[in-house]
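In: Here is my input, please return the structure:
(one chain, ligands or ions: 1)
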Amino acid sequence: MKIITPTAIEELLTARAANPDAALLAGGTDLLAGWHSGGRRPEHLILLGGVRELDFISVRGNRTIEIGATATHSRIASNSIIRRFLPALAEAALSVGSPAVRNMGTIGGNIVNASPAADLVPPLIVYNALVRLVSFGAMPTSPAKPVSTSPSSIPMESVLARSARKSRGKVRGDAQRIFAGRDVPIDRFYTGYKTTDLRKDEVLFSVVIPVPSRSSFARYYKLGTRKAQSIAKVSLAGRIEIVDEVISVAGLAAGSVAPIPLRLRAVEDFLRGKRVTESLVDCAAEELRLSIAPIDDVRSTSAYRRFVTGSLLRRFLADACVAGDAPARAVRGSR
Ligand SMILES: Cc1cc2nc3c(=O)[nH]c(=O)nc-3n(C[C@H](O)[C@H](O)[C@H](O)COP(=O)(O)OP(=O)(O)OC[C@H]3O[C@@H](n4cnc5c(N)ncnc54)[C@H](O)[C@@H]3O)c2cc1C
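Out: The predicted structure is shown next:
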């Protein structure tokens, strides 16, 4: 196996373009586990750990938070910005595996590995995150500038602009080749069980998350067999805003209930615009149970998953009401 060790983003993207069948290795916690259980080993392996530009957490003008692909679960769980503005993501990162796995495993690996049980994905869905994908590609027409449509993209733009300038100088006779990027809503990134929209020449650069409003309440709940080293039997992320006892924003996503991490769109639509009452909570839990089709597997049964996901929703709505206080009486009995 040939191992490639880029130390800068331009080297990484060049190596990726030249070796489309190479595997990318970030923390290696999924990749190596797959090899140990008989998975196919690639001829080329590209290590992401030396690429400093991928390891960051930054806030842009109080509007977006951008997390680099190789930020580890430990770093995300302990980061004060994430804990304050994206608490459900911090809770999810803290729930991953064990300290050793959290110190090695990255947000990029968790997303691209595309497990239906990936802990970080449901919170990222409810926070309306975009995955930022970059490649070293041909740009047939001018202008030759790094592509990004989002105003929140300063870290990638500056990194890629610098990289593009350097590489245009280096790649003789190939001045049209520049770095390109695209942003994909994370709930559209998954195309099926363990498959994604990532092209063979692309790398996940970062995740961009709009900063939620201050009145937003968000939580992540995970049911596993044990407290540590446990993949979710079922997980639920919720984000809600309640104004005058009426739900104005509802974001819900679940893990391990479908082939992909699932946005619970029907339940979100059902909740939006309604007053929080005990009967609403009962109906929403029932709606959720009807809208998922979990499977039986080694970790759990379909019936248990369906039942317990509804219970997690009841718990989330009760917690939201207690946090927001006013309608707490309505659902306190649901906990
Ligand atoms: C003992 C154990 C316990 C675990 N517990 C949990 C758990 O509780 N919850 C959970 O969600 N997961 C768990 N995992 C799975 C794993 O730790 C996480 O999914 C982790 O986030 C993967 O990140 P990584 O950096 O190690 O990925 P890697 O193994 O390096 O990569 C995983 C996949 O993503 C691709 N990839 C990585 N980075 C990029 C990038 N920037 N661009 C494009 N492709 C990329 C790789 O090519 C590979 O296909 C566990 C794993 C182990 C071994």
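In: dump the residue contacts of the residue of the stretch 51-200 of the chain found nearest the ligand.
Out: Residue of the stretch 51-200 of the chain nearest the ligand, by C-beta to the nearest ligand atom: Gly109 (2.1 Å). Yep, even glycine has a C-beta here, placed from its N, CA and C like the rest. Applying C-beta atoms under 8 Å, 6 or more residues apart in numbering to Gly109 gives the contacts Ala26, Gly27, Thr29, Asp30, Leu31.
In: May I see these arranged in a markdown table, with secondary structure and neighbour count as well?
Out: Output for those, formatted as a markdown table (DSSP: H, G, I helix; E, B strand; the rest coil; neighbours: other C-beta atoms under 10 Å):
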| residue | secondary structure | neighbour count |
| --- | --- | --- |
| Ala26 | coil | 27 |
| Gly27 | coil | 22 |
| Thr29 | coil | 22 |
| Asp30 | coil | 21 |
| Leu31 | helix | 19 |
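In: So which residue is dead centre in this structure?
Out: The chain has Val121 as the residue nearest its centroid, 3.7 Å off, counting by C-alpha atoms, centre = their mean.
In: That one contacts Gly255, doesn't it?
Out: Yes. Assessed by C-beta atoms under 8 Å, Val121 is found in contact with Gly255 at 6.7 Å.
In: Which residues are in contact with each of those two?
Out: With C-beta under 8 Å, 6+ apart, Val121 and Gly255 have common neighbours Pro261.
In: Now do the end-to-end distance for stretch 269-282.
Out: 15 Å (C-alpha to C-alpha, to the nearest Å).
In: Then stretch 12-30?
Out: Termini of stretch 12-30 sit 20 Å apart (C-alpha to C-alpha).
In: Does the ligand have contacts with that stretch?
Out: Yes. Stretch 12-30 is in contact with the ligand by C-beta under 6 Å from any ligand atom, via Ala23, Leu24, Leu25, Ala26, Gly27, Gly28, Thr29, Asp30.
In: so how far is that stretch off the chain centroid?
Out: How far stretch 12-30 lies from its chain's middle: 19 Å, per C-alpha atoms, centre = their mean, to the nearest Å.
In: and the gap between Pro87 and Ser98?
Out: Pro87 sits at a distance of 22 Å from Ser98 (criterion: C-beta to C-beta, to the nearest Å).
In: From the contacts of Gly109, pick the one nearest His44.
Out: Within the contacts of Gly109, the smallest distance to His44 is 13.1 Å, found for Leu31 (C-beta to C-beta).
In: What is the longest helix seen in the chain packed up against?
Out: Ranked by residue count under DSSP state H, the longest helix found in the chain is helix 302-324. Applying 3 or more C-beta pairs under 8 Å, 6 or more residues apart in numbering; DSSP states H and E, one finds that helix 302-324 contacts strand 217-223, strand 234-243, strand 246-255, helix 278-291, helix 328-331.
In: Paired strands for the first one, with orientation please.
Out: By that I understand strand 217-223. With DSSP bridges as the test, strand 217-223 is paired with strand 234-243 (antiparallel).
In: how about the strand it pairs with: buried residues?
Out: Buried residues in strand 234-243, defined by neighbour count with 16 or more other C-beta atoms under 10 Å: Val234, Ser235, Leu236, Ala237, Gly238, Arg239, Ile240, Glu241, Ile242.
In: Check stretch 212-226 too.
Out: Buried residues in stretch 212-226 (16+ other C-beta under 10 Å): Pro212, Ser216, Phe217, Ala218, Arg219, Tyr220, Tyr221, Lys222, Leu223, Gly224.
In: Hmm, Ala117 and Lys194 touching each other?
Out: No. Contact criterion C-beta under 8 Å: Lys194 and Ala117 do not qualify, at 11.1 Å.
In: more neighbours, those two?
Out: Higher neighbour count among Lys194 and Ala117: Ala117, with 19 against 12, using other C-beta atoms under 10 Å.
In: how's the protein carved up into domains?
Out: Per automatic domain parsing, the domain ranges recorded for the chain read 52-210, 217-334.
In: mind putting those domains in a markdown table, mean pLDDT included?
Out: Output for these, formatted as a markdown table (pLDDT from 0 to 100):
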| stretch | mean pLDDT |
| --- | --- |
| domain 52-210 | 83 |
| domain 217-334 | 86 |
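In: Phi, psi for Arg41 please.
Out: In terms of degrees, to the nearest 10, the main-chain angles of Arg41 are phi -90, psi 130.
In: wait, I meant Ser215
Out: Dihedral angles (degrees, to the nearest 10) for Ser215: phi -90, psi 0.
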